[in-house]
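S.K.: mind folding the following:
(2 chains)
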2 protein chains.
Amino acid sequence: MRNESAKVELKHGAGGRAMRALVKELFVDRLAGANDGEIGLAAMDDGAAIPLGDRWLVITTDSHVISPLFFPGGDIGRLAVSGTVNDLAMMGATHVLALTFAMIVEEGFPRAELERVRDSIAAACEEARARILTGDTKVMGRGEIDGLVLNTTGVALTSRVVSDAGLEPGDKIILSGTAGDHGMAIVACRHELQLEGELRSDVAPLNAMIAQALQAGGPQVVAMKDPTRGGVVSALCEMAQKSKVGIVLDGPSVPVRDSVRAAAELLGIDPLMIANEGKALLGVRPDAAERVLAALRAHPLGAGAAIVANCVESRPGQVILETGFGRRLLAEPEGEPLPRIC
Amino acid sequence: MRNESAKVELKHGAGGRAMRALVKELFVDRLAGANDGEIGLAAMDDGAAIPLGDRWLVITTDSHVISPLFFPGGDIGRLAVSGTVNDLAMMGATHVLALTFAMIVEEGFPRAELERVRDSIAAACEEARARILTGDTKVMGRGEIDGLVLNTTGVALTSRVVSDAGLEPGDKIILSGTAGDHGMAIVACRHELQLEGELRSDVAPLNAMIAQALQAGGPQVVAMKDPTRGGVVSALCEMAQKSKVGIVLDGPSVPVRDSVRAAAELLGIDPLMIANEGKALLGVRPDAAERVLAALRAHPLGAGAAIVANCVESRPGQVILETGFGRRLLAEPEGEPLPRIC
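M.R.: Numbering: from 1, shown residues only, chains lettered A, B, ... in the order given. Next up is the predicted model:
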């Protein structure tokens, strides 16, 4: 008899607790580890880092299976570039050396749509000052794959790696803008919801904004993570666990657009637990918090940045929501509530 | 009215002329190019290369969509590691710095099969002295993807890049072993053919063997390519075009296993036009040919190596087959005859 975990489920691709458990059990514990001084699989960070002379080579990979391929605010091409550029940036590597681009496409897929995706990739690369230097093309038969999936791997050099695990009690956590925009735009688009106010994905390459923040904060920026699958809560839970601190999230201080809040209430989805694709969480030493906040706000993509959480000694590994009326412990999401969000 | 090329066809993923045309038109001509001194998309080589100090950083990416996932001689895991390691090796980069591993899996896929793939990845990594340092997991719903696809990106440093375009008239071309093993094993397996003799894929990481050849030949090894999709003929056509030389392929000198030849005749497939996953073509200056051949033969994976072709001034860009009874021009294959061969 097989147990219930003998088959892969949708939640195993949802970026949260279930996925981390599967990946850890199946792969991380069994594939040869990183050498001393490297950041490899075991760190389960946004990417890997290898010392190279006096710098670090940072490498990150992402597949993109989003449905629909085109949505308000972006498409799979913009997502593929931004997702990988942002994972590099979250490791502190804001200057992209090269991107790779691998596509798997279904027989019969319209060339005109590939051209749209290509144009969007070109535009996002320009924004990120990144270049695609190599690629791969595979075609699967009709019905063997749903349309188009992409993989983008990114490589960058940086003099300092920022992990997602450097928090200490007292540190402040900054969110670079409104929460939930990407996820809610995808739900609305997928279900053809007619909602008041515009719902648009926030998908964007954040490396220039992060470069400004790192310039302002230097080594006082001690942890970064982009709240993609599973949203702000999932990312904070992971940061709290890895740094072994408690994180007190100040609910009312989290910026959420009215349109996102309205859609979230209608659908019963928490905007703090749904994917963002153009936001970052930065853990910063208290002295530097205002300086880093100002640097983020000086960039168009960080105009809505806010300090949203504090790190505490109690409750290590957990996230506590301060609602304004009281406190409650947030359970780590199993994963993103929506399949194929990115 | 759309023209007939308005949709993607299976041949566009088959590695030959049709794919190169699609990729060139759609992507290479429209995405920002490489900087001076880099090898980027426009080279359409096995990977990209960026100067880094006195070395080159080589990057290559490959998606794997093979069906079936498990086949005689290997599986998708061994293929994913070998394919990427070999693309790096073909650029001269035989010491792998890091591999990334991105999987897209169908809901309901058995965990036990993922474990088999994982074990196979671990074994192939050990053979190649390569390590997976970062990864990504996505799950698609039932029927949205056929089982499992993988992407592997590889990064390596090398002091010298070998392109696939360095041939001159007079150069010899060595094939490192028998032709057609992988492709024929997949056809046989897919169609449950009962054939005399064993058909097994040759899938293997070639970097150690290539390192020996490069040590023996040094700068006299002027071009390398692994004859994957479209086989030996497709790879030679590409090499001939890029180097602007004619290539005379000496048919009788190409090693082909009896079992592969028998299956090929039965099925009407040319073993020189079907994928290999553990073979390399090396273009070598005439003086070094015997030395490089000996170095290849000294490695278990190169025991069957042979000089199979000569480069000539006439017919630049074309491949001429010397049958033993006469000569004929080989048309470049549109692509691999089988879908999802790798």
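S.K.: nearest residue to the residue of the stretch 101-250 of chain A found nearest chain B other than its sequence neighbours?
M.R.: At 2.8 Å from chain B, A:Val139 is the closest residue in the stretch 101-250 of chain A, using CB to the nearest CB. All C-beta spots, glycine's among them, are computed from the backbone N, C-alpha and C. Among residues not flanking A:Val139 along the chain, B:Gly13 sits closest, at 2.8 Å (CB to CB, 6 or more residues apart in numbering or on different chains).
S.K.: tell me the contacts of the one you found?
M.R.: Neighbouring residues of B:Gly13 by CB atoms under 8 Å, 6 or more residues apart in numbering or on different chains: A:Val105, A:Thr137, A:Lys138, A:Val139, A:Met140, B:Met19, B:Gly335, B:Pro339.
S.K.: go through the residues you listed and name the one with the lowest pLDDT.
M.R.: Lowest pLDDT within the contacts of B:Gly13 is found at B:Gly335 (83).
S.K.: now that one: closest residue in space that isn't a chain neighbour?
M.R.: B:Gly335's closest residue in space is B:Ala14 (CB to CB, 6+ apart), at 2.4 Å.
S.K.: residue contacts, that neighbour?
M.R.: Contacts of B:Ala14 by CB under 8 Å, 6+ apart are A:Val139, B:Arg229, B:Gly230, B:Glu334, B:Gly335, B:Glu336, B:Pro337, B:Pro339.
S.K.: show the model's pLDDT score for it.
M.R.: B:Ala14 is given a pLDDT of 89.
S.K.: for it, phi and psi?
M.R.: Backbone torsions of B:Ala14, given as degrees, to the nearest 10, read phi -100, psi 10.
S.K.: where exactly do the helices run in the stretch 101-250 of chain A?
M.R.: Assigned by DSSP state H, counting those that start in this stretch, the helices in the stretch 101-250 of chain A fall at A:111-128, A:181-190, A:207-217, A:231-243.
S.K.: and A:Ala6, how many neighbours?
M.R.: If you count neighbours by other CB atoms under 10 Å in any protein chain shown, A:Ala6 ends up with 10.
S.K.: list the contacts of it.
M.R.: B:Pro110, B:Arg111, B:Ala112.
S.K.: ok, now how distant is the last one from A:Ala6?
M.R.: It refers to B:Ala112. Distance of B:Ala112 to A:Ala6, computed by CB to CB, to the nearest Å: 7 Å.
S.K.: A:Ile320 now?
M.R.: From A:Ile320 over to A:Ala6 (counting by CB to CB), the distance is 35 Å.
S.K.: circling back to that earlier point, ok, which of the contacts of A:Ala6 also contact chain A?
M.R.: Contacts with chain A within the contacts of A:Ala6, counted by CB under 8 Å from any CB of the partner chain: B:Pro110, B:Arg111, B:Ala112.
S.K.: quick one: which of these is most hemmed in?
M.R.: That'd be B:Arg111 among the ones next to chain A among the contacts of A:Ala6, by other CB under 10 Å, with 19 neighbours.
S.K.: what's that one in contact with, if anything?
M.R.: Per CB under 8 Å, 6+ apart, neighbours of B:Arg111: A:Ser5, A:Ala6, A:Lys7, A:Val8, A:Leu26.
S.K.: next, count neighbours for the closest residue in space to the third one that isn't next to it in sequence.
M.R.: By that I understand A:Lys7. Sequence neighbours aside, B:Gly108 is the residue nearest to A:Lys7 in space, at 5.1 Å (criterion: CB to CB, 6+ apart). Residue neighbour count, defined by other CB under 10 Å, stands at 14 for B:Gly108.
S.K.: just the pLDDT for B:Gly108.
M.R.: 96.
S.K.: just checking, it touches A:Leu10?
M.R.: No - using CB atoms under 8 Å, B:Gly108 makes no contact with A:Leu10, being 9.5 Å away.
S.K.: if we can go back for a sec, is it possible to export the helices of the stretch 101-250 of chain A to JSON lines including mean pLDDT?
M.R.: Compiled in JSON lines, the helices of the stretch 101-250 of chain A are given as follows (pLDDT from 0 to 100):
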{"stretch": "helix A:111-128", "mean pLDDT": "96"}
{"stretch": "helix A:181-190", "mean pLDDT": "94"}
{"stretch": "helix A:207-217", "mean pLDDT": "98"}
{"stretch": "helix A:231-243", "mean pLDDT": "96"}
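S.K.: got a pLDDT number for the residue nearest to A:Glu322 when sequence neighbours are not counted?
M.R.: With CB to CB, 6+ apart as the criterion, A:Glu322 has its nearest non-adjacent residue at 5.0 Å, and that residue is A:Asp250. pLDDT, A:Asp250: 98.
S.K.: do the same with the one 3 residues further on
M.R.: At A:Ser253, the pLDDT value in this model is 97.
S.K.: in contact with it: list those residues for me.
M.R.: A:Ser253 neighbours (CB under 8 Å, 6+ apart): A:Ala306, A:Ile307, A:Val308.
S.K.: ok, A:Ala124 next?
M.R.: Neighbour list for A:Ala124: A:Gly77, A:Arg78, A:Val81, A:Ser82, A:Val85, A:Pro205 [criterion: CB under 8 Å, 6+ apart].
S.K.: what bridges to A:Thr60?
M.R.: A:Thr60 forms beta bridges with A:Gly154, as assigned by DSSP bridges.
S.K.: swap in A:Ile145?
M.R.: With DSSP bridges as the criterion, A:Ile145 is bridged to B:Ile145.
S.K.: and it, how many neighbours?
M.R.: By other CB under 10 Å, neighbour count at A:Ile145 equals 25.
S.K.: distance of it from A:Thr61?
M.R.: Distance of A:Ile145 to A:Thr61, given as CB to CB: 19 Å.
S.K.: what of A:Arg291?
M.R.: The value you get for A:Arg291 to A:Thr61, if CB to CB is used, is 33 Å.
S.K.: quick one, which of the two is more surrounded?
M.R.: Taking neighbours as other CB under 10 Å, A:Arg291 and A:Thr61 compare with A:Thr61 leading, 28 against 15.
S.K.: so what's that one up against?
M.R.: A:47, A:84, A:151-154, B:100-102, B:134-136, B:151, B:153 are the contacts of A:Thr61 under CB under 8 Å, 6+ apart.
S.K.: tell me which of these fall in strands.
M.R.: Judged by DSSP state E, the subset of these located in strands is A:Asn151, A:Thr152, A:Thr153, A:Gly154, B:Thr100, B:Phe101, B:Ala102, B:Thr134, B:Gly135, B:Asp136, B:Asn151, B:Thr153.
S.K.: hang on, isn't the last one packed against B:His64?
M.R.: Just to be clear, that refers to B:Thr153. No - the criterion here is CB under 8 Å, and B:Thr153 misses it with B:His64 at 11.9 Å.
S.K.: quick check: next helix or strand after the helix or strand hosting A:Trp56?
M.R.: If you go by DSSP states H and E, A:Trp56 is part of strand A:55-64. Next helix or strand after strand A:55-64 toward the C-terminus (DSSP H and E): strand A:70-71.
S.K.: list the helices and strands that following strand packs on?
M.R.: helix A:181-190 (3 or more CB pairs under 8 Å, 6 or more residues apart in numbering or on different chains; DSSP states H and E).
S.K.: and for the helix it packs on, what's in contact with it?
M.R.: Helix A:181-190 is contacted by residues A:66-68, A:71-73, A:193, A:195, A:199-203, A:231, A:257, A:259-260, A:263-264, A:267, A:269, A:271, A:274-279, A:336, A:338, A:341-342 when judged by CB under 8 Å, 6+ apart.
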